[in-house]
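In: Just to be clear, the model below is a prediction. Sequence and coordinates:
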Amino acid sequence: GQQVMQIPQYQHVQEGEDFTTYCNSSTTLSNIQWYKQRPGGHPVFLIQLVKSGEVKKQKRLTFQFGEAKKNSSLHITATQTTDVGTYFCAGPLDSNYQLIWGAGTKLIIKP
Amino acid sequence: NAGVTQTPKFQVLKTGQSMTLQCAQDMNHEYMSWYRQDPGMGLRLIHYSVGAGITDQGEVPNGYNVSRSTTEDFPLRLLSAAPSQTSVYFCASSYGPFSLGYEQYFGPGTRLTVT
């Protein structure tokens, strides 16, 4: 069945270092969505990418959608403590009514 | 707007007990979903609804029932709780289909422990 793989599972960084998470789908996606979940919280929508090769920026966050619309990445420049949490990618199943989720990448800031 | 609300926030059940997790949204969204989240895993879809009176199974429906009598409410019923159902449960809603890029809004979650 359709799968979305996300790596790495965890990433430990020093504050000020960069962070990247990668998402790969087994099938072409019509769009991909990114969510952030703070510790103890619920997922919150960040952004969606629709077009092949699309790049979007939100302050220090850069989101990319691959040319084949099967992979995506989220890059955070100069991480801050407010960036701590788990970042998920999600793409729609062919049925349109379901999202399939990556397992998430947990960003941990080293003390 | 309250958005998506869930009750209770925490619940402890004994094996074999039944209970209903409540979910409500005030955004007039047609699409609603129930997910469970376990450590190290993404969100897994239990059941979803595309409108009042219409529900369907997701990836992990066994042991759970849903109904949708109104646009606002989408309760999740655990029929006979088992320790494997210990998890965090999230309800989410969306204005339209995901293929058209509509995002999901999540409730705060219910943390369920089954002993």
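Out: Perfect, thanks for sending it.
In: drop to CA atoms for contacts and neighbour counts, all remaining ones
Out: Fine.
In: and A:Thr62, how many neighbours?
Out: A:Thr62: 15 surrounding residues under other Cα atoms under 10 Å in any protein chain shown.
In: The one helix or strand it maps to pairs with which strands, and in what direction?
Out: Using DSSP states H and E, A:Thr62 falls within strand A:61-65. Applying DSSP bridges, strand A:61-65 is found paired with strand A:55-58 (antiparallel), strand A:71-76 (antiparallel).
In: List the contacts of residue 35.
Out: In the absence of a named chain, this looks at chain A. A:Pro43, A:Val44, A:Phe45, A:Leu46, A:Ile47, A:Tyr87, A:Phe88, A:Cys89, A:Ala90 (Cα atoms under 8 Å, 6 or more residues apart in numbering or on different chains).
In: The chain in question should be chain B.
Out: B:Leu43, B:Arg44, B:Leu45, B:Ile46, B:His47, B:Tyr89, B:Phe90, B:Cys91, B:Ala92.
In: Also near chain A: which of those residues, exactly?
Out: B:Leu43, B:Arg44, B:Leu45, B:Phe90 (Cα under 8 Å from any Cα of the partner chain).
In: got TSV for those, with secondary structure, neighbour count and pLDDT too?
Out: Formatted as TSV, these follow (DSSP: H, G, I helix; E, B strand; the rest coil; neighbours: other Cα atoms under 10 Å in any protein chain shown; pLDDT from 0 to 100):
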residue	secondary structure	neighbour count	pLDDT
B:Leu43	strand	24	93
B:Arg44	strand	22	94
B:Leu45	strand	23	94
B:Phe90	strand	27	98
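In: need the residues of chain A near chain B, please.
Out: Neighbours of chain B within chain A, by Cα under 8 Å from any Cα: A:9, A:30-33, A:41-45, A:48, A:50, A:88, A:91-94, A:96-104.
In: give me the beta-bridge partners of the closest residue to A:Arg38 other than its chain neighbours?
Out: Distance criterion Cα to Cα, 6 or more residues apart in numbering or on different chains; nearest residue to A:Arg38, sequence neighbours excluded, is A:Gly85 at 4.4 Å. Per DSSP bridges, the residues bridged to A:Gly85 are A:Leu107.
In: Confirm for me that A:Gly85 is in contact with A:Leu107.
Out: Yes. With contact defined as Cα atoms under 8 Å, A:Gly85 reaches A:Leu107; the gap is 5.5 Å.
In: For residue 91, give me its contacts.
Out: Looking at chain A here, since you left the chain open. A:Gly91 makes contact with A:Val4, A:Leu29, A:Ser30, A:Asn31, A:Ile32, A:Gln33, A:Leu99, A:Ile100, A:Trp101, B:Phe98 under the criterion Cα under 8 Å, 6+ apart.
In: Please refer instead to chain B.
Out: By Cα under 8 Å, 6+ apart, the contact list for B:Cys91 reads B:Val4, B:Gln6, B:Cys23, B:Met32, B:Ser33, B:Trp34, B:Tyr35, B:Phe106, B:Gly107, B:Gly109.
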